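# Below: sequence and its predicted model.
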Amino acid sequence: MNLSNFQTEFDKMINRDYFSDKVHPMRQEAFSKFLEFGLPTKKWEDWRFTNLSSISKGEFRLSEIQDSPKGNIDISQYDMNDLETIVIYNGHYQEAMSSIPNGVQLLSGSDFLEKTNWEFNSPETSPFDLLNTAFMDSGMSIVVDQNVEVKKPIRMLFISSGLESLMVTPRFHIDLGESSSFTFVEHHVGESTSFFQNESVFITLGQNAQLDHIRIQSNSPSTVNMANLHVKQERNSTYSFFQYADGGKLGRLNIHVDLEGEGADCSLNGLALSNDHQHIDNHIITDHLVPHCTSSQNFKTVLQDKSSGVFNGRTIVRKDAQKTDSSQSNKNLLLSENALMNSNPQLEIYADDVKCAHGSSTGALNQDALFYLRSRGLDILSAKALMVRGFATELLDRVNHESIREFITQRFDQWLTENTTSDNSLSR
Amino acid sequence: MLKIKNLHAGVDGKEILKGLNLSIKAGEMHAIMGRNGSGKSTLANVITGRESYNVSKGDVLFNNESILDWSPEARSLAGIFMSFQYPIVIPGVNNTYFLKAALNAKRKHTGEKALDAAGFLKLIKEKLNEVDMDPKYLQRAVNEGFSGGEKKRNEILQMLTLEPKLAILDETDSGLDIDALKIVADGVNNFRNADRSFLVITHYQRLLKYIEPDFVHVLIDGQIVKSGGKELALELDEKGYGWLES
């Protein structure tokens, strides 16, 4: 999609009468900044290993009301027990199919802005955040007051569907009040043949607040899924993030966490499975701004066929952030000779009394271990599957909520069944 | 049960076994002794089918069938087992899960019904007792955080569970203190019967005090240069290997 296509769609966007014109100036400003940047190329440091031609060559149009479902659609294949689901279909909120959770306020984009007096948060250095501000069209914000323990997890189910090339731009906020807690699930699915989703999420955690954020990215093999996550944590808050990604043609996850209050804890985790020509990219920044915070990054990738992946993790420890305790780990398993992984864990430390660890490893299945399992009678497929499962177990086990964990584990096992081959040319 | 004929084999293009002959009948306990590098572990790896080892000449027959083209799992299911010299750590793979999967693969092969969790637990508790292992090891990942002795006991536990026809014990005595050695030896001795055969690979006579072999073979430079009864082990302990070298 070249810049003039974006311009055409933007003009349509500005003329939509069902969006508040109060945000038009912000859209305009963000869009002109985006045009100055243009789409990132491989010459940009943060985009060196990620090819965006599926966006630049695509011709996406805005999702219109007629792209919403004609009647109720069957979402039973995405069923998980014990949670509330908010359905967003091609960018359109489906109230009739959604269950509104107790104890939280569910707000549309403009309602949320109304509540915050139209104070606007738009990161200006990232082209996809700017693009999101310019085109934001969907998503429901969740606000939780102080001292509320939301018992049931809340899931936003994003379904992309149809034969048209659509561009959908979800933007939502999650504001968790002091000493409140809940589990939030983003679930991205759908069978659309061509889809570009560019999502920006803003999360703020009050003192002692606790958020468990699980992101399941199982888009169709032709989808581009951009996610820009911005998290701000106050004192003693806990943010725990886990992404399970097995879908999409191109998936890029940008996370930026600011640890702004002492004693905050942030744990960012990801398990990505890729095959065919998929590309899954994780760009993760944890910024320690104050003392006594803890953080961890733990990302793993399993790559089959000609798929590729990127891990770029940065942990920044500012001058004042003494007694920081942080760790960073990236491990990748190559199931094919043609798969490619770029791993770049980085530490930037400006304080002198801190504990920071980082490490990265990429390799094929260990041949000695494979022989060991086979020598006990396990056939090569079962032995390989067992090892890949073992590789992923620590991350799958992190999902506390049982039905969510079971759902993800089932998907994982299915992927394993479809992607384990008896070919054993890789050796280490 | 096992017949090895003029076996030439090696790894990375280097020939290590240079015409080895050996015949093991049902119920027999054979010991192979030799220095480091004489080819003891190569022999074990070739019998069990490790892919990095190449056979250039000769044959290995198990119950009168050549097994050289068989996969490691096919050999295991046919009843060949090796207790590894260096048992492998497999991160994230639960020991119970692994043992149960291995046993059920075997049971499937022999047409028996798969054991469910309760049935397996009952069986494994008995076997744990035999090698004096704490059940907590079952909850860990395979060999993860196990001491040298615990790893070797875990190997014997696997042997007792899978009930092979031919068990190869590759330096099972190394890394064991005297108490653990006795426990492992008891496990093996109780497991001996008229239908089972053993091939014990060792440097030292130490293990053979507790596990009495019917035959002792001396391996030097890829060939068996001398065979005898258990008294040969004592002689080797006294005189070393020098007197047998040409």
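Arrived safely. Note that the coordinates shown come from a computational prediction; the quantities given were computed from them, not determined experimentally.

# switch to C-alpha atoms for all contacts and neighbour counts from now on
OK.

# And stretch B:116-125, what's buried?
By neighbour count on 16 or more other CA atoms under 10 Å in any protein chain shown, the buried set for stretch B:116-125 is B:120, B:124.

# List the contacts of it.
B:100, B:135, B:161 (CA atoms under 8 Å, 6 or more residues apart in numbering or on different chains).

# In space, what's closest to residue 130 - neighbours in sequence excluded?
Picked chain A for this. A:Ala30 (5.0 Å; CA to CA, 6 or more residues apart in numbering or on different chains).

# That was the other one, I meant chain B.
Using CA to CA, 6+ apart, the closest residue to B:Glu130 is B:Gly187 (6.1 Å).

# okay, the one you found: pLDDT?
On the pLDDT scale, B:Gly187 is placed at 91.

# Skip ahead from the one helix or strand it maps to and say which helix or strand is next.
Using DSSP states H and E, B:Gly187 falls within helix B:178-191. Sequence-wise, the next helix or strand downstream of helix B:178-191 (DSSP H and E) is strand B:197-202.

# Apart from its chain neighbours, what residue comes closest to the closest residue to chain B within the stretch 301-428 of chain A?
With CA to the nearest CA, the shortest gap between the stretch 301-428 of chain A and chain B falls at A:Gly390, namely 3.8 Å. Distances taken as CA to CA, 6+ apart place B:Gly92 nearest to A:Gly390, at 3.8 Å, with adjacent residues excluded.

# how close does the closest residue to chain A within chain B sit to A:Leu131?
Residue nearest to chain A within chain B: B:Gly92 (3.8 Å; CA to the nearest CA). For B:Gly92, the distance to A:Leu131 equals 41 Å [CA to CA, to the nearest Å].

# quick one, which of the two is more surrounded?
A:Leu131 (25 against 19; other CA atoms under 10 Å in any protein chain shown).

# show me the contacts for that one.
A:30-31, A:34, A:198.

# give me that answer again for 7 Å
A:30-31, A:34 (CA atoms under 7 Å, 6 or more residues apart in numbering or on different chains).

# A:Ser110 too?
Contacts of A:Ser110 by CA under 7 Å, 6+ apart: none found.

# Tell me how far whichever strand or helix holds it lies from the chain's centre.
Taking DSSP H and E as the criterion, A:Ser110 maps to helix A:109-115. In this view, helix A:109-115 has its centroid 23 Å away from the chain centroid, taken as CA atoms, centre = their mean, to the nearest Å.

# Please apply the same query to stretch A:317-334.
Taking mean C-alpha positions (CA atoms, centre = their mean), stretch A:317-334 and its chain are 19 Å apart.

# Which positions in that stretch come out as buried?
In stretch A:317-334, counting by 16+ other CA under 10 Å, buried: A:317-318, A:320-334.

# before we move on, what about stretch A:363-380?
A:364-380.

# Same check on stretch A:95-112?
Buried, per 16+ other CA under 10 Å, within stretch A:95-112: A:98, A:101, A:104-110, A:112.

# List the beta-bridge partners for residue 202.
No chain in the question, so chain A it is. Beta bridges link A:Phe202 to A:His173, A:His230 when assigned by DSSP bridges.

# Can you look at chain B instead?
In this entry, B:Thr202 is beta-bridged to B:Met33, by DSSP bridges.

# quick check, B:Asp237 in a strand?
No. Counting by DSSP: H, G, I helix; E, B strand; the rest coil, B:Asp237 falls outside a strand, being helix.

# Low-confidence stretches in the chain?
Just going to use chain A. By pLDDT under 70, the low-scoring segments of chain A are A:424-428.

# Not quite, go with chain B.
Ranges of chain B meeting pLDDT under 70: B:246.
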